[in-house]
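**Q** Provided below for reference: sequence and predicted model.
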Amino acid sequence: MLAAKPGWRFSTLLAAPHRLSFFTAACVMAASALWWWVEIMARAGLWPSLSTALPPTFVHAVVMSLGFMPLFFSGFLFTAGPKWLQMPEVPARAIRPAVAITGVGWVLVLCGSHLHHLLSALGAALAACGWGMLAWRFMGLVRLSRARDKLHASLIALASALGVLAMLSAAVGLALRDYGVIHLAAQLGLWLFIVPVYVSVAHRMIPFFTASALPILDAWRPNWLLWSLLGFLGLQGLWVLSDAAGWQGVILSSLRAFSSLAGGLLVLGLAVRWGLVQSLRIRLLAMLHIGFVWLGLALCLDAVAQLMGDGLWNLLPLHALTMGFLGSILLAMATRVSCGHSGRTLTADNLAWGLFWGLQVAVVLRLLAIVWPVQASWLLLGGATAWLLVMGGWALRYGSWYGLPRVDGRPG
């Protein structure tokens, strides 16, 4: 008589850090996608408008930039981080309080956007507290490690600390209903926290994954290249601050256009050097490389936006960065970790591949809504719907794995 297969259990989420963190992140990601879809439906006149305590656009900016992505970070950092640093594994139970506080915090931010702005502020403060606990634990690993190469981990730890400050700033902005502060917190959170973490991981892992799958390529990633990439990101942070201070003009716009174009061309050239063309034969690898290309396109689009001089054009690089670069790399990396640490083959099956291309459709629709304002309402709705289907579909598919034992019977 065959033994019954074990069912999904919450307790299994504590078998490994990535299970707990990814599950919580997937829940926040799906909830925020659904929340934004309802808002876009209401704007299109297809759904009753909900009462709001805060402008949804600003809440959207904060949650989509600082909400679910740090939770995915914690799953990756406490899975790969100890290996990078030659430190003992971190049990999921050790990060459970911090992950729970962070997840609950972002749910409160969404609820508070309709109930009371102070509830949103409390949620952002809780999220900052939870992420601060996670960042502090990771910084402890870096500090105690005796590994020879701690560069990437150290840079991620520094960026994570800046992320705490961005979340706290967002909480203050929400409490005061100061939309300038909220916008600044979301922008600086992207350029000084989220994107540097992505770039640091990409510099370390994309050449490694590519050379492992395609031995004809080398894992070329000199440290000067990482510093150059981070330098261009730092410049973007400076441009955000200059805009907030009201320092605008032809000279600054020209300097920003030049630096953004230079950074974009560097990234696009690097994508080719890292094996963009060769990677297209392997789905999971192609997802990483195509996602990285979006960073180069986002920087180039920022240069175009500066030359156009129209504030609406700034939404082009923003969404190419967030939906294209961050979204694509997120799907690629989280799918890879989920497959490998569940005992499955490291591959993007038809569903994962379809979700990835659904995301590309969502990005294109969102960008078209900016350059084709006559059809903006329907293009926005199409982009938000595609985003919901992709992120909700990913959360349902892979979230169902985290509460199940590994298929190969191994622990973890």
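**A** Sure, I can see it.

**Q** Show me how far stretch 295-311 is from its chain's centre.
**A** Here stretch 295-311 is found 20 Å from its chain centre; the criterion is Cα atoms, centre = their mean, to the nearest Å.

**Q** list the buried ones in that stretch?
**A** 295-303, 305-306 (16 or more other Cβ atoms under 10 Å). Any C-beta I mention is one placed from the backbone N, CA and C, and that applies to glycine too.

**Q** Likewise for stretch 44-56?
**A** In stretch 44-56, counting by 16+ other Cβ under 10 Å, buried: 53-54, 56.

**Q** Ok, stretch 163-179 next?
**A** In stretch 163-179, counting by 16+ other Cβ under 10 Å, buried: 163-175, 177.

**Q** And for stretch 368-386?
**A** 369-370, 379-386.

**Q** Find the helix or strand that the spatially closest residue to Pro70 that is not a sequence neighbour is a member of.
**A** Sequence neighbours aside, Trp131 is the residue nearest to Pro70 in space, at 5.3 Å (criterion: Cβ to Cβ, 6 or more residues apart in numbering). Assessed by DSSP states H and E, Trp131 sits inside helix 117-144.

**Q** Downstream of that helix, the next helix or strand is which one?
**A** Assigned by DSSP H and E, the successor of helix 117-144 is helix 151-176.

**Q** starting at the chain centroid, how far to the very next helix or strand once past that following helix?
**A** With elements assigned by DSSP H and E, the helix or strand that comes after helix 151-176 is helix 179-189. Its chain's C-alpha centre and that of helix 179-189 lie 16 Å apart, by Cα atoms, centre = their mean.

**Q** Mind checking what helix or strand follows helix 179-189 in sequence?
**A** Later in the chain than helix 179-189, the nearest helix or strand by DSSP H and E is helix 195-213.

**Q** Export only the CA atoms of that following helix, formatted as CSV.
**A** The C-alpha coordinates for helix 195-213 follow below in CSV (Å, rounded to 0.1, in the frame of the first residue of the first chain):
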residue,chain,number,x,y,z
VAL,A,195,19.1,48.5,-7.1
PRO,A,196,22.6,48.3,-5.5
VAL,A,197,21.7,45.0,-3.9
TYR,A,198,20.5,43.7,-7.3
VAL,A,199,23.6,44.9,-9.0
SER,A,200,25.9,43.5,-6.3
VAL,A,201,24.2,40.1,-6.6
ALA,A,202,24.2,40.3,-10.4
HIS,A,203,27.9,41.0,-10.5
ARG,A,204,28.7,38.0,-8.4
MET,A,205,26.1,35.5,-9.7
ILE,A,206,25.3,36.2,-13.4
PRO,A,207,28.9,35.4,-14.6
PHE,A,208,29.1,32.4,-12.3
PHE,A,209,25.8,30.9,-13.4
THR,A,210,26.6,31.6,-17.1
ALA,A,211,30.1,30.0,-16.9
SER,A,212,28.7,27.0,-15.1
ALA,A,213,26.0,26.4,-17.7
